[in-house]
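Asks: Turn this into a model:
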Amino acid sequence: MRNAGILTALGLCALLGAGCSQHYNGERLYWKAQQLQAALSRHLSDATPEQFAEAIGAYQAVVSRTPGTVWAARSQAAIGSLYAVQQEFAKAREAYVLVLQNYGQYHELALMVRVAIAKTHELESEWEQAVKMYQEISSYHPWSRMGMEAPLYIAMLHEKRQEAGKAAQAYERAARQYTKLAPDAPTPEYAIQVKGYLALAYQRLEKWEQAINVLEELSGIPTGVNRPLTLLTLATIYQTKAGHPDKAMALYTKLADEFPEHPFGKVAKAQLDRLRLPDGGELPAGLSGSDALPQAPVVPAVPAPR
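Replies: Numbers count the residues shown, from 1 in each chain. Presented below is the predicted three-dimensional model:
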């Protein structure tokens, strides 16, 4: 059986000619370059510029000798990573851009490279360039996890820099983008995912009615939703933002009954005890004031479609 497989492979190579040979050479050269990088990584703190140059040269050999192959694409990305490890971020970006220019057909690799470029801009505090790259990620890879998270991440970058106005604008853009994406989701699971991010964008904008509408919809979906977090978030909004303690109590009761051993179920039970006090009680520790709401999407991440 093994001999038959070898003969089949040889037959295919005979039909494909130079293409098969180039692919084989690319794989072989890429493996050799990987061994150099692996040895370098084991003693990274002691690595010399000469060792980095040797590894980069090995990957450059793959690119020049087997152009157009997946091994050349991976090698070009590896060159960028080796420069980034040395904090030579401008050279890293130059290498990464060549991946996008010459090997854009490898979508997962292109996504990885775009994220890497964005991170190098962040590390150099080049915030405008980082934001542009995250916008590009959202545009080119809308159904990857990073693509879906990018609109919110951009807003959080502005918050990190204490740019309240720009952060609010970014959350508005995120809400519009998620609203537009949801009907075009490739699967029901992706539609749920996007609506989870939409609910979080509305929370950050303090648009409580819109957040409630999305969370109510999500709470009625039997699978694919982090139900304890959804119920807790919705109950907290009703209690602290919308002025509906009765609806909050109903949701806390449902949460405590459905998930009695879950940490959020225990929070719900404690909150029910407080709400039954004459003065209405106070929120549990960690759920008070402006931080009353859980700040996380209410749905788990899903793998990117192929």
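Asks: so how far is Met146 from the nearest residue to His121 once chain neighbours are set aside?
Replies: Spatial nearest neighbour of His121, excluding adjacent residues (Cβ to Cβ, 6 or more residues apart in numbering): Ala130 at 3.9 Å. From N, CA and C alone the C-beta is placed, and that goes for glycine too. Using Cβ to Cβ, to the nearest Å, Ala130 is found at 13 Å from Met146.
Asks: I would like the residues contacting the helix or strand in which Glu94 is found, please.
Replies: Using DSSP states H and E, Glu94 maps to helix 89-102. With contact meaning Cβ atoms under 8 Å, 6 or more residues apart in numbering, helix 89-102 is reached by 73, 76-77, 79-81, 83-84, 106, 109-110, 113-114, 116-117, 120-121, 123-124.
Asks: Got a ChimeraX select line for the buried ones in these?
Replies: In ChimeraX, a selection of the buried entries from those looks like this (16 or more other Cβ atoms under 10 Å):
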select :73,76,77,79,80,81,83,84,106,109,110,113,114,116,117,120,121
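Asks: In strands, which of the contacts of helix 89-102 fall?
Replies: With strands taken from DSSP state E, there is no overlap with the contacts of helix 89-102.
Asks: and Ala72, how far is that from Val62?
Replies: In terms of Cβ to Cβ, Ala72 sits 6 Å off from Val62.
Asks: So between the two, which is more surrounded?
Replies: Ranked by neighbour count (other Cβ atoms under 10 Å), Ala72 and Val62 place Val62 first, with 28 against 24.
Asks: quick one: pLDDT of that one?
Replies: You'll see Val62 listed with a pLDDT of 96.
Asks: three-state assignment of it?
Replies: For Val62, the assignment made with DSSP: H, G, I helix; E, B strand; the rest coil gives helix.
Asks: That one against Gly26, yeah?
Replies: Yes: counting by Cβ atoms under 8 Å, Val62 touches Gly26, with 5.9 Å between them.
Asks: which neighbours do the two share?
Replies: With Cβ under 8 Å, 6+ apart as the test, Val62 and Gly26 both reach 71-72.
Asks: Spatially central, which residue of the chain would that be?
Replies: In the chain, the C-alpha closest to the average C-alpha coordinate belongs to Met146, at a distance of 2.8 Å (Cα atoms, centre = their mean).
Asks: before we move on, the earlier item: pretty sure the residue nearest to His121 is touching Leu157, no?
Replies: Yes: counting by Cβ under 8 Å, Leu157 is a contact partner of Ala130 at 6.7 Å.
Asks: The closest residue to Val214 other than its chain neighbours: which element?
Replies: The shortest distance from Val214 to any non-neighbouring residue, by Cβ to Cβ, 6+ apart, is to Ala199 (4.3 Å). Here Ala199 sits within helix 188-204, counting by DSSP H and E.
Asks: Let me know the next secondary structure element after that helix.
Replies: helix 208-219.
Asks: what's that following helix packed up against?
Replies: For helix 208-219, the packing partners by 3 or more Cβ pairs under 8 Å, 6 or more residues apart in numbering; DSSP states H and E come out as helix 188-204, helix 227-240.
Asks: from the middle of its chain, how far away would the last one be?
Replies: In this view, helix 227-240 has its centroid 24 Å away from the chain centroid, taken as Cα atoms, centre = their mean, to the nearest Å.
Asks: quick one: average pLDDT of the following helix or strand past that helix?
Replies: Sequence order places helix 245-258 as the next helix or strand after helix 227-240, per DSSP H and E. Model confidence over helix 245-258, given as mean pLDDT, is 95.
Asks: Which other helices and strands does helix 245-258 contact?
Replies: Using 3+ Cβ pairs under 8 Å, 6+ apart, helix 245-258 sits against helix 227-240, helix 263-275.
Asks: Which one, of those helices, ends up nearest to Leu152?
Replies: helix 227-240 (15.3 Å; Cβ to Cβ).
Asks: which stretches of the stretch 101-250 of the chain have low pLDDT?
Replies: Of all residues in the stretch 101-250 of the chain, none has pLDDT under 70.
Asks: before we move on, back to that, quick check: the gap between the residue nearest to the centre of the chain and Leu232.
Replies: Following Cβ to Cβ, the distance that separates Met146 from Leu232 is 26 Å.
Asks: what's the answer for Tyr140, then?
Replies: For Tyr140, the distance to Leu232 - Cβ to Cβ - is 35 Å.
Asks: now Gln51
Replies: In this view, Gln51 and Leu232 are 52 Å apart by Cβ to Cβ.
Asks: who's more crowded, those two?
Replies: Using other Cβ under 10 Å, the more surrounded residue of Gln51 and Leu232 is Leu232, with 26 against 17.
Asks: Give the full set of residues in contact with the closest residue to the more buried one other than its chain neighbours.
Replies: Spatial nearest neighbour of Leu232, excluding adjacent residues (Cβ to Cβ, 6+ apart): Phe264 at 4.7 Å. Going by Cβ under 8 Å, 6+ apart, Phe264 touches 228-229, 231-232, 255.
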